[in-house]
Structures are given as structure tokens and as C-alpha cells.
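*Asks:* Model the structure of this input:
(one chain, ligands or ions: 1)
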Amino acid sequence: MRTQVGIVGAGPAGLTLALLLRREAIEAVVLENRTREYVEHRVRAGLLEQNTVDLMHELGVGERLARQGLQHDGIYLRRPGRTLHIPITDLTGRHVTIYAQQEVVRDMSAALLEGGGTIHYEVADVAPHDFDSDRPRITYSVDGNGEELCCDFIAGCDGFHGVCREFVPPGVLTEHEYTYPFGWLGILAQASPATDELIYAWHEHGFALYSMRSPKVSRLYVQVPQDEDLNLWSDDRIWEELQRRLATDDWRVNEGQIIDKGITPMRTFVCEPMQYGNLFLLGDAAHIVPPTGAKGLNLAVNDARLLAAALRRWYQAGSRSGLERFSETALRRVWRAQDFSNYMTQLLHDLGRGPFDRKLQLARLDYLGRSTAAATSLAENYAGLPAQDDF
Ligand SMILES: Cc1cc2nc3c(=O)[nH]c(=O)nc-3n(C[C@H](O)[C@H](O)[C@H](O)COP(=O)(O)OP(=O)(O)OC[C@H]3O[C@@H](n4cnc5c(N)ncnc54)[C@H](O)[C@@H]3O)c2cc1C
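*Replies:* I've put the predicted structure just below:
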């Protein structure tokens with residue numbers, strides 16, 4: 001089989017890239033090792049920056065998002081006895097939108113397949129080859145039978161545990177990695193959110209986040225030690241801890257049936273450059289941010305936007321300049337998001353560094369309430385810098 005761009009992975013990065021290329025009449029084939037059902041039900045991110053929302057509309061996949069997405073104008077930062085509102089839209093003119101990642105994936109894969117695009121689900125043994133030449137290929141198997149996809153370029157959109165990064169020759173990539181000594185225990189609950197906007201809470205027991213996926217479904221997290229055993233957390237214990245960290249004298253978290261429960265490690269990772277020859281790494285395949293800044297999905301979509309623009313220049317004008325600069329351009333936003341996600345993480349979590357550190361965190365929270373400049377800096381990073389700022 002032959003195509004122009006072979007894409008590994010049907011997550012947000014791979015699907016966005018495939019849709020953008022389709023719009024430019026550039027052929028692409030997506031190879032995904034899971035079932036469509038699995039990929040479209042995987043519970044993950046839920047906060048879309050305005051850049052992501054705008055791009056979804058541009059791609060014609062924003063119809064359900066416009067109907068069901070919850071547009072937010074700010075966030076709350078809470079600590080016992082005090083809640084601060086950061087009015088993101090007033091400070092930046094930009095919004096964020098709550099719309100679950102699995103809905104984004106569902107909308108994008110439906111649009112791609114209905115428009116005649118190709119996604120091969122449930123492929124195995126995916127391996128990129130010869131990407132240091134102008135004849136890259138991807139080998140894989142379907143029901144035990146070997147297949148080969150020849151292409152001009154390979155986009156590794158296969159997430160943090162994917163294979164493409166591993167095939168880059170040793171010594172080419174520099175990997176920066178840090179794992180925080182804690183994780184997030186996250187639940188999805190059939191409970192109407194008791195808040196109109198997200199609440200990020202600083203507490204003596206550790207961080208908590210009150211988020212939502214729809215007017216009837218809440219998404220909540222508590223900071224737990226690294227390697228925490230999920231079995232130690234009964235539903236009652238989770239609600240008790242959420243109330244302790246989030247409730248105020250006259251307000252409580254709405255409780256309901258827990259429909260999903262899991263622990264996410266807090267990890268930060270960047271590999272650079274994000275390319276080698278005609279292989280490009282996008283999204284979680286190249287970088288991971290702690291979820292405190294809600295940037296992972298948005299970065300994946302942005303990488304796809306940048307690579308699609310560079311490929312368009314190659315196919316339309318024969319210019320490789322955008323492709324050569326892909327990594328450098330994408331990494332500007334990646335490192336900005338790394339800095340912001342780590343800032344939010346260090347502002348709100350118990351980092352295990354003792355009372356002096358906790359007092360500094362409270363001083364920073366206090367400053368955000370007293371300084372419009374400090375609040376604006378947080379707001380513009382949270383909403384995401386405009387897409388044109390990448391160049
Ligand atoms: C629990 C959790 C909560 C999160 N919360 C947030 C949040 O609130 N906000 C936010 O912005 N981000 C959040 N993230 C991060 C966000 O979900 C990711 O950054 C985003 O999924 C990245 O998209 P991607 O397309 O790069 O990778 P992925 O979504 O991981 O997609 C990669 C795809 O490649 C496929 N694949 C993997 N290996 C192979 C292979 N060998 N062959 C073929 N296919 C393969 C996978 O099945 C998958 O479909 C969260 C992540 C997790 C795990």
C-alpha cells in the first residue's frame with residue numbers, strides 16, 4: 001500500500017493531522033493498534049483551549065462541541081477560608097471550553113471516515129523504517145498477516161508508550177524527564193457539578209481539583225502519593241477526602257455514583273528534537289506535561305497544526321523549510337506549556353518540602369489576588385497563547 005503521510009496513532013494528534021491533510025488533498029493513512037470502540041471511550045482530558053476549539057470549527061468537526069461544550073470564562077483558586085476567582089476572559093479576551101477528549105476523538109474519527117479517510121484499527125507490530133531516506137515505510141500486521149505502508153513521511157502520533165520514538169537511532173534525541181513523587185486519583189461521577197467553573201484547591205492534605213465533563217457528570221481529582229494502591233480508596237473515602245479539601249462552610253461537592261476511577265502519575269517529559277529525517281513525533285509521543293495546566297491534548301492538536309502547515313508547503317511549493325523547522329517551532333509552545341504546567345503543579349500541591357515551602361505557595365496565591373499582572377500572566381497561559389505566536 002502507498003500513501004503520502006503514514007500516521008501512527010488515532011488519538012487527538014493523529015486524527016487532527018489526518019483531517020488537516022485531507023483538507024489540503026494530501027493523502028494519509030492512520031494505523032491504530034486499539035479498537036475504535038476503545039479509543040472512542042478512553043477517559044482522559046477535558047479542557048480545550050480556544051485555539052483547539054477554533055481549529056475544530058475550521059475543520060468542520062465543531063457542531064457537537066458548539067452544542068454540548070461548556071464555555072468557561074475563569075477558574076477558582078481555593079484554599080481553606082478563601083476563594084480567588086481568576087477572570088480569564090476579562091483578562092485575556094479568550095475562553096476555555098469543557099468537552100471530553102473521547103468526544104473530540106469520536107467527532108474527528110467520524111468526520112474522517114465519513115469523508116473517505118482511512119483508519120486501520122487493531123493493527124499490531126507497527127514499526128517505522130527507512131525514515132532517514134526519501135522512501136520511508138511502516139510495517140505492521142493485521143490478523144497475523146504482515147503488511148507494508150510506503151509513504152513520503154511518517155508522523156509518530158502514538159502517545160507516550162508508542163513505538164515510533166524508540167526507532168530513532170541512539171544519540172539523536174535528548175530526553176528530559178521528571179516524575180513527581182505523587183499522582184492524581186481521578187473519578188468520573190454521575191453528579192451535577194456544584195460549581196460553574198473549575199476549582200483548583202490548595203489544602204494541608206494536598207491538592208484537589210473540581211472539574212466536570214457535562215452538566216450531569218463531574219470529574220474530580222485528589223493528590224495521592226506516588227504508587228498509591230487504588231484499592232485503599234473506597235468510594236466513601238474518596239468523597240470524604242474531596243469534601244475535606246474542597247468544601248466550604250456553606251457549600252459542598254455534589255456526590256453521586258462513581259463510574260470511572262484511576263490514578264495518573266504526575267510526569268513531565270520532553271524529547272528533542274521532535275523529528276529525525278522524515279519521521280516526526282507529535283503530541284504525547286514527544287512530550288508529557290503534568291495535567292495541572294490542562295495542556296496535553298491542546299499541545300497534541302497544536303503539533304498537528306504545525307506539521308500540516310509544513311507538509312502543505314512541501315507538497316504545494318516544494319519547500320522543506322517548514323519541515324526543517326517543525327521541531328524548533330513546536331518546542332516553543334511545548335516548553336511554555338511545560339513551564340506553566342510545572343508552575344501550577346508547584347503552586348498547589350504538597351511537594352513534600354515542609355512548611356516553609358507551603359508558606360511560599362500561600363504567598364503566591366495571595367499575590368495572584370492582589371496583582372492584576374500576576375493574575376493576567378496565569379490567565380493568558382491557562383487560555384493558551386494565540387496560535388500565530390508560535391512563529
Ligand atoms: C488520565 C489522564 C488525564 C488527562 N487529563 C488531561 C487534561 O485534563 N487536559 C489535557 O490537556 N490533557 C490531559 N491529559 C493528556 C492528554 O490526554 C494527552 O496529552 C493526549 O491524549 C495526547 O494526545 P496524543 O494524540 O498525542 O496521544 P494519545 O491520545 O495517547 O493517542 C495515541 C494513540 O496511539 C495509539 N498507539 C499507541 N501505540 C501504538 C502502536 N504501537 N501502534 C499503533 N497505534 C498506537 C494509542 O492507542 C492511541 O490511540 C490526560 C491524560 C491522562 C492519561
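
*Asks:* ok, and for stretch 120-127, which residues are buried?
*Replies:* For stretch 120-127, burial by neighbour count (16 or more other CB atoms under 10 Å) applies to His120, Tyr121, Val123, Val126. (Each C-beta comes from the backbone N, C-alpha and C, glycine too.)

*Asks:* ok, now stretch 323-343?
*Replies:* Those buried within stretch 323-343 under the rule 16+ other CB under 10 Å are 323, 326-327, 329-331, 333-334, 336-338, 340-343.

*Asks:* contacts for that stretch?
*Replies:* Applying CB atoms under 8 Å, 6 or more residues apart in numbering, the contact partners of stretch 323-343 are 153, 268, 270, 272-275, 280, 282, 286-287, 289-293, 295, 298-299, 302-303, 306-307, 310-311, 313-314, 381-382, 385, 390-391.

*Asks:* For the stretch 151-300 of the chain, what lies in contact range of the ligand?
*Replies:* 157-159, 162-163, 264, 283-284, 291, 294-298, 300 (CB under 6 Å from any ligand atom).

*Asks:* Recalculate using a threshold of 8 Å.
*Replies:* On the criterion CB under 8 Å from any ligand atom, the ligand has as its neighbours in the stretch 151-300 of the chain the residues 157-164, 184, 186, 211, 262, 264, 282-285, 288-289, 291, 293-300.

*Asks:* pretty sure Thr268 contacts Thr292?
*Replies:* No. Checked against CB atoms under 8 Å, the pair Thr268 and Thr292 is beyond contact range at 10.4 Å.

*Asks:* Those two - which one has more neighbours?
*Replies:* Thr292 (24 against 17; other CB atoms under 10 Å).

*Asks:* How many residues are close by the residue of the stretch 101-250 of the chain found nearest the ligand?
*Replies:* Closest residue of the stretch 101-250 of the chain to the ligand, CB to the nearest ligand atom: Gly159 (2.8 Å). Using other CB under 10 Å, Gly159 is surrounded by 21 other residues.

*Asks:* One more: the one 5 residues further on?
*Replies:* Counted with other CB under 10 Å, the neighbours of Cys164 add up to 26.

*Asks:* who are the neighbours in contact with the residue of the stretch 101-250 of the chain closest to the ligand?
*Replies:* Contacts of Gly159 (CB under 8 Å, 6+ apart): Gly9, Gly11, Gly283, Asp284, Ala285.

*Asks:* what's the closest of those to Asp132?
*Replies:* Closest approach between those and Asp132, by CB to CB: Ala285, at 18.0 Å.

*Asks:* so the closest one makes contact with Ile7?
*Replies:* No. Ala285 is beyond contact range of Ile7, at 11.2 Å (criterion: CB under 8 Å).

*Asks:* joint contacts of those two?
*Replies:* Contacts common to Ala285 and Ile7, judged by CB under 8 Å, 6+ apart, are Cys157.

*Asks:* Settle it for me: which of these two has more neighbours?
*Replies:* Ranked by neighbour count (other CB under 10 Å), Ala285 and Ile7 place Ile7 first, with 32 against 29.

*Asks:* The more buried one sits in which helix or strand?
*Replies:* strand 5-8 (DSSP states H and E).

*Asks:* Which element, helix or strand, includes Ala374?
*Replies:* Going by DSSP H and E, Ala374 is part of helix 372-383.

*Asks:* And the strands in the stretch 251-391 of the chain, which stretches?
*Replies:* 257-272, 275-276, 279-281, 287-288 (DSSP state E, counting those that start in this stretch).

*Asks:* Let me have those strands in CSV, extended by mean pLDDT.
*Replies:* Formatted as CSV, these follow (pLDDT from 0 to 100):
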stretch, mean pLDDT
strand 257-272, 95
strand 275-276, 98
strand 279-281, 98
strand 287-288, 98
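
*Asks:* Now find how far off-centre the helix holding Ala374 is within its chain.
*Replies:* 20 Å (CA atoms, centre = their mean, to the nearest Å).

*Asks:* helices or strands next to that helix in the packing?
*Replies:* When contacts are defined as 3 or more CB pairs under 8 Å, 6 or more residues apart in numbering; DSSP states H and E, helix 372-383 sits against strand 82-86, helix 88-92, helix 326-348, helix 355-370.

*Asks:* Could you dump the ones you listed into a markdown table and include mean pLDDT and distance to the ligand?
*Replies:* Converted to a markdown table, the helices and strands packed on helix 372-383 look like this (pLDDT from 0 to 100; distance: least, CB to the nearest ligand atom, whole Å):
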| stretch | mean pLDDT | distance to the ligand |
| --- | --- | --- |
| strand 82-86 | 98 | 17 |
| helix 88-92 | 98 | 16 |
| helix 326-348 | 97 | 9 |
| helix 355-370 | 98 | 21 |
